[in-house]
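Trainee: just the structure for this:
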Amino acid sequence: QVQLVESGGGLVQSGGSLRLSCAASGLPFSRYAMGWFRQASGKEREIAAAISWSGGSTYYADSVKGRFTISRDNAKNTVYLQMDSLKPEDTAVYYCAVRARLSLSTGNEYDYWGQGTQVTVSS
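Mentor: Presented below is the predicted three-dimensional model:
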């Protein structure tokens, strides 16, 4: 079965950096687009970034553009989210998701989801 395991979350001070990883198994990872979503307490889940199957296309929400970088290593079945210049408003549970298509989606059209990893940014 499909498994997505996120790691790399934690507590960091404002202005700091974290790198999230999502290891996928049970699916043809190199043929699927991936996304990182986040959900802050009391708010709806929102997309932060997405990447196409090859990494040739990426998308970033306006709120993270210029600070976050999504990448993937198809040989390792892993997608990453490098988060720099973190702000307290970035505090959320971060989820990776698989879209069973080559192309990315900027919406919620993803098919499998991980369990999430907590990111907390202190001011």
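Trainee: tell me if I'm right that residue 91 and residue 39 touch.
Mentor: No: taking contacts as Cβ atoms under 8 Å, residue 91 lies outside contact range of residue 39: 10.6 Å. Quick note: C-beta positions are derived from backbone N, CA and C, even for glycine.
Trainee: the more surrounded of the two?
Mentor: residue 91 (18 against 14; other Cβ atoms under 10 Å).
Trainee: what's near enough to touch that one?
Mentor: 40, 119, 120, 121 (Cβ atoms under 8 Å, 6 or more residues apart in numbering).
Trainee: and if we set it to 6 Å?
Mentor: 120, 121 (Cβ atoms under 6 Å, 6 or more residues apart in numbering).
Trainee: same question for the one 4 residues further on.
Mentor: Taking Cβ under 6 Å, 6+ apart as the criterion, residue 95 is in contact with 37, 113, 114, 116.
Trainee: for it, list each beta-bridge partner.
Mentor: Bridge pairing for residue 95 (DSSP bridges) gives the partners residue 37.
Trainee: for the residue nearest the centre of the chain, give its distance to residue 93.
Mentor: In the chain, the residue lying closest to the centroid (Cα atoms, centre = their mean) is residue 36, at 2.3 Å. In this view, residue 36 and residue 93 are 11 Å apart by Cβ to Cβ, to the nearest Å.
Trainee: circling back: any chance of the contacts of residue 95 in TSV, with secondary structure, neighbour count and pLDDT too?
Mentor: Below are the contacts of residue 95 laid out as TSV (DSSP: H, G, I helix; E, B strand; the rest coil; neighbours: other Cβ atoms under 10 Å; pLDDT from 0 to 100):
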residue	secondary structure	neighbour count	pLDDT
37	strand	22	98
113	strand	16	97
114	coil	21	97
116	coil	18	97
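Trainee: any idea which of the residues you listed is closest to residue 81?
Mentor: Within those, the smallest distance to residue 81 is 10.3 Å, found for residue 37 (Cβ to Cβ).
Trainee: since that was my last question, I'll sign off now.
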